[in-house]
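1. What shape does this take:
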Amino acid sequence: MLQQGRTRAGTKADVITVVLGTWFSVGLFLDAWAHSNLTELESFFTPWHAVFYSGFSATAAWICWLVYRNYQQGRRGLNAVPVGYGPAVLALPVFAVMGVLDYTWHSILGIETDIEILFSPTHLGLAAAMIVIMATPLRTAWLDTSRDKPSFPALLSLGFCASLVLLFLQYADATVYPAEAIVERFSYEQGKSTGIVGKLTASIFVTNLVMLAPLLFAARRWTLPFGTATTVQVIVAGLSASITAFSNLGIAAALVLSGVATDLLLVKLRPSEQRVVQYRLFGFLMPLITWLFYFGGAIVLTGRFPTVTETWTGVPLVAALSGLLLAVLFVPKPVPVRL
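-> Next up, the predicted model:
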């Protein structure tokens, strides 16, 4: 007997999806570590690729099982796909094809060990498909109208998606700088700032948008519980630590602490589309808090202040202003209706 209508996978299923996705993501972080810290990679068949692709296989098998289970219950076509899982079902074969193409690419052109890894077409295809797959628990929670708060799998999904975006913006990732480098970059001689402070400053603004946008996005849909920002920052800090072979744990810890402070701000302001002033205030204050913790951590760890006070004190303020602008773009004023 055919059963009609689509079903929800349920929170337990989403937990399994995000756990397998974590396995999947850890494999990618290990691969990022290898490409960043091992100068001679001569083979596609590596332990980190094994973790990465086995994580994908496990995730794919689980999602296919959810569809098959619904098929066994009599659902056909789109009705066999749980709500929110449709894009992932489409992304699975895309990822598999990109994996084969990536092996072919490496066989012909060799293994990348520098910034070109972030621009390889096959890697970009893998990353895009992976983000779609990892966002599944976030989509299922978003589409569940009975929820006024995100599930924990949704928060993990949000954090992993942000970290994957930041991974492929690694050339503009401010989280990977150790404390000593941060202080040195903002201690340049007058008239000699070009190329010294500029790269880190630009990286801060890019990283700022990647870390703030997911929270502004989620706040449009839910009342965000305490722990939301910390979850995102722990995952982002874990990514930066893996890339640097855990040489910047102090800065990673500062980012996690900024997440705790941001969670206190979320609880106090409760930003939402209906609370526009609080929403925009959050867009301003979250970056200010994050980058004050960032520079504060660098100062504490090195025991000295950057010598150019104007730049390191002004950068968090510019980041805050850009966050305010992003909040305005996310929730703009209604367009006046012509009468």
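
2. Excluding covalently adjacent residues, which one is nearest to the residue nearest the centre of the chain?
-> By C-alpha atoms, centre = their mean, the mean C-alpha position of the chain lies nearest to residue 162, the distance being 1.2 Å. Leaving aside its sequence neighbours, residue 162 sits nearest to residue 214 (C-beta to C-beta, 6 or more residues apart in numbering; 4.7 Å). Just so you know, the C-beta spots here come from the backbone N, C-alpha and C atoms, and that holds for glycine as well.

3. how about that neighbour, what does it touch?
-> The contact partners of residue 214, taken as C-beta atoms under 8 Å, 6 or more residues apart in numbering, are 158, 159, 161, 162, 232.

4. ok, the first one touching residue 138?
-> To tie it back to what came earlier, the one meant is residue 158. Yes. Counting by C-beta atoms under 8 Å, residue 138 is a contact partner of residue 158 at 5.5 Å.

5. what's the overlap in contacts for those two?
-> The contact lists of residue 158 and residue 138 share residue 150, where a contact means C-beta under 8 Å, 6+ apart.

6. sorry, back to before: gap between the residue nearest to residue 162 and residue 197?
-> Noted for residue 214: a distance of 27 Å to residue 197, by C-beta to C-beta, to the nearest Å.

7. Can you tell me the closest non-neighbouring residue to residue 121?
-> Spatial nearest neighbour of residue 121, chain neighbours left out: residue 105 (7.8 Å); criterion: C-beta to C-beta, 6+ apart.

8. Show me the domain layout of the protein.
-> Using automatic domain parsing, the domain ranges for the chain come out as 1-168, 173-332.

9. Can you give me the buried ones in stretch 312-322?
-> The neighbour-count check on stretch 312-322 (16 or more other C-beta atoms under 10 Å) flags 312, 315, 316, 318, 319, 320, 322 as buried.

10. Show me these that map onto strands.
-> Per DSSP state E, strands hold no members of those.

11. What's the local residue count around the residue nearest to residue 244 when sequence neighbours are not counted?
-> Sequence neighbours aside, residue 176 is the residue nearest to residue 244 in space, at 5.2 Å (criterion: C-beta to C-beta, 6+ apart). When neighbours are counted by other C-beta atoms under 10 Å, residue 176 registers 21.

12. What of the one 10 residues further on?
-> Burial of residue 186, expressed as a neighbour count using other C-beta under 10 Å, amounts to 24.

13. what pLDDT does it get?
-> Among the per-residue scores, residue 186 holds a pLDDT of 91.

14. just residue 313 next, same as before
-> The per-residue confidence score, pLDDT, reads 93 for residue 313.

15. Residue numbering should commence at 54 henceforth.
-> From this message on, residue numbering opens at 54, which makes the last subject residue 366.

16. Check the gap between it and residue 121 for me.
-> According to C-beta to C-beta, residue 366 and residue 121 sit 58 Å apart.

17. So residue 219 sits against residue 260, correct?
-> Yes. Assessed by C-beta under 8 Å, residue 219 is found in contact with residue 260 at 6.7 Å.

18. any shared contact partners between those two?
-> 226, 228.

19. all helices of this structure, in order?
-> Remark: helices assigned in the chain by DSSP state H are 64-90, 100-125, 139-162, 174-187, 189-195, 205-220, 232-238, 251-272, 281-296, 302-322, 329-355, 362-383.

20. just so I know, which of the ones you listed lies nearest residue 168?
-> helix 64-90 (10.0 Å; C-beta to C-beta).

21. Generate the ChimeraX command that creates a selection of the buried members of the contacts of residue 267.
-> Here is the ChimeraX command that selects the buried residues among the contacts of residue 267 (16+ other C-beta under 10 Å):
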select :211,212,214,215,285
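
22. Identify the residues contacting the residue nearest to residue 297.
-> Contact analysis of residue 229 by C-beta under 8 Å, 6+ apart lists 223, 293, 296, 297, 301.

23. now the nearest residue to residue 268 once chain neighbours are set aside: how far from residue 197?
-> What sits nearest to residue 268 in space, not counting adjacent residues and going by C-beta to C-beta, 6+ apart, is residue 282, at 6.1 Å. Residue 282 sits at a distance of 22 Å from residue 197 (criterion: C-beta to C-beta).
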